[in-house]
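*Asks:* Provided below are the primary sequence and the corresponding predicted coordinates.
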Amino acid sequence: MKPFREIYYKDCYYNALFPVLTYFNRPLTPFLLNDIFIYRYTPSSCVIKHDIVPIQGEKRILDRLGLWKKERRYSNDMLQLAMAALRLNRPVIVFVDCYYLPLRLDAYRKLHFPHFLLLFGCSSRNRTFRAMEHKYRDSFDYAEEDISIEDLHAAYSGAFREFQPPPELSTYSEYGILNESSGAQGSEQEYLWTYRQAMLEREEEIRAGLSQLRQFQCDMSAVMSDQEAIYREAGRLLDVSAVIFNNLRLEQYRLTRVFGPNPEWEQLGGVLDNWNFIRGILKKFMLTNVYQEKSFARAQERLEQIVTSEERMYEGLFALLHAMVRP
């Protein structure tokens, strides 16, 4: 089992799922191109969202890849189910609380936080499961680790008790091939075409979102020029900028991986740098409560550059998509 270390993709479930796809020799493209990012702004509250809109459901994608997923919201027999699946070479992903996992040096007996854990082997004799896991939340040092049956059971049952996951979240999932002769249905080009069609269907909505981003930039520039206003809005702007930053990093990664290097999305690197600059100004302000007019003036300039770069990026992307020929 090979870990996925390239990027934190939306949430830890995908960093557990992508090694499963690789294990079954399936491409990541259908998942990488399954999301559309759209800005939505509410001027009355100065709140902007960067929504992720999926194109297809997970089951449909797995079907196209010739894979199945058996899932349960919760199972008292998780350990037995996992052992049976792993003996049939079916990887398992379980929802856990890292508070109960000794290998998680950042959380064990210190911090409760939810996580998806990939299991790919087990030993009845040693009473252990083999997992692909990292020791720190923000690291990519995924490695093969042994987890005792007792610790896994505590982490699994503890997560359900601590976080009370919603009905649609499966705490246990196992994966397999639909049949011996099944493979991925469709070429890389066909997956690209699915993405193209979905993007063009929502082109007007995406462009409207960019116009709303421009309006947000104008409103935020006014806020940054007003010391009392920035006192009110700094925390909220810092939170939303974190979401936007992560989404743009995903966008740059997936476009580069699928379409190859291109100046249009390479400029997202500058966008990320500008968001880092703005976030640094906001963090310093919230820490010191000292309003520095010149710093916020520079932040306004960076925010204007962000919007202009994103507009240019999407112009280039839509030009590429309109020029594509169906495979």
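*Replies:* That came through, no problem.
*Asks:* and V96, backbone torsions?
*Replies:* phi -130, psi 170 (degrees, to the nearest 10).
*Asks:* Now it: closest residue in space that isn't a chain neighbour?
*Replies:* Leaving aside its chain neighbours, V96 sits nearest to A155 (3.8 Å; criterion: CB to CB, 6 or more residues apart in numbering). All C-beta atoms are positioned from the backbone trio N, CA, C, and that covers glycine.
*Asks:* who's in contact with that neighbour?
*Replies:* 96-101, 117 (CB atoms under 8 Å, 6 or more residues apart in numbering).
*Asks:* go again using 7 Å as the cut-off
*Replies:* Counting by CB atoms under 7 Å, 6 or more residues apart in numbering, A155 touches 96-97, 100-101.
*Asks:* any idea which element it lies in?
*Replies:* If you go by DSSP states H and E, A155 is part of helix 149-163.
*Asks:* Just the mean pLDDT for that helix, thanks.
*Replies:* Per-residue pLDDT values over helix 149-163 give a mean of 96.
*Asks:* Alpha carbons of it, in CSV - could you do that?
*Replies:* Provided in CSV are the C-alpha atoms of helix 149-163 (Å, rounded to 0.1, in the frame of the first residue of the first chain):
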residue,chain,number,x,y,z
ILE,A,149,-6.9,-4.4,18.5
GLU,A,150,-7.7,-2.8,21.8
ASP,A,151,-6.5,0.7,20.7
LEU,A,152,-8.4,0.5,17.4
HIS,A,153,-11.6,-0.5,19.2
ALA,A,154,-11.2,2.3,21.7
ALA,A,155,-10.6,4.9,18.9
TYR,A,156,-13.5,3.6,16.8
SER,A,157,-16.1,3.5,19.5
GLY,A,158,-14.8,6.6,21.1
ALA,A,159,-15.2,8.6,17.9
PHE,A,160,-18.8,7.6,17.6
ARG,A,161,-19.4,8.5,21.2
GLU,A,162,-17.4,11.8,21.2
PHE,A,163,-18.5,13.2,17.8
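*Asks:* helix or strand right after that helix?
*Replies:* The element immediately downstream of helix 149-163 (helix or strand, assigned by DSSP H and E) is strand 172-177.
*Asks:* and the angle from that next one to helix 149-163?
*Replies:* Relative orientation of strand 172-177 versus helix 149-163 (axes from the mean of the first three to the mean of the last three CA atoms, to 10 degrees): 120 degrees.
*Asks:* Show me where this structure dips below the pLDDT cut-off.
*Replies:* 180-186 (pLDDT under 70).
*Asks:* in it, which helix has the most residues?
*Replies:* helix 227-259 (DSSP state H).
*Asks:* same for that one, what does it pack against?
*Replies:* Helices and strands touching helix 227-259, by 3 or more CB pairs under 7 Å, 6 or more residues apart in numbering; DSSP states H and E, are helix 29-32, strand 47-54, helix 203-224, helix 263-266, helix 268-288.
*Asks:* Please name the nearest non-neighbouring residue to L210.
*Replies:* Spatial nearest neighbour of L210, chain neighbours left out: E311 (5.6 Å); criterion: CB to CB, 6+ apart.
*Asks:* From P166, how far off is the closest residue to R104 other than its chain neighbours?
*Replies:* The shortest distance from R104 to any non-neighbouring residue, by CB to CB, 6+ apart, is to C98 (4.3 Å). Separation of C98 from P166 (CB to CB, to the nearest Å) stands at 20 Å.
*Asks:* more crowded one of those two?
*Replies:* C98 (24 against 7; other CB atoms under 10 Å).
*Asks:* so who does that one touch?
*Replies:* Contacts of C98 (CB under 7 Å, 6+ apart): 104, 107, 113, 115.
*Asks:* Show me how far stretch 38-50 is from its chain's centre.
*Replies:* Counting by CA atoms, centre = their mean, to the nearest Å, stretch 38-50 is centred 20 Å from the centre of its parent chain.
*Asks:* Fine, thanks again, bye for now.
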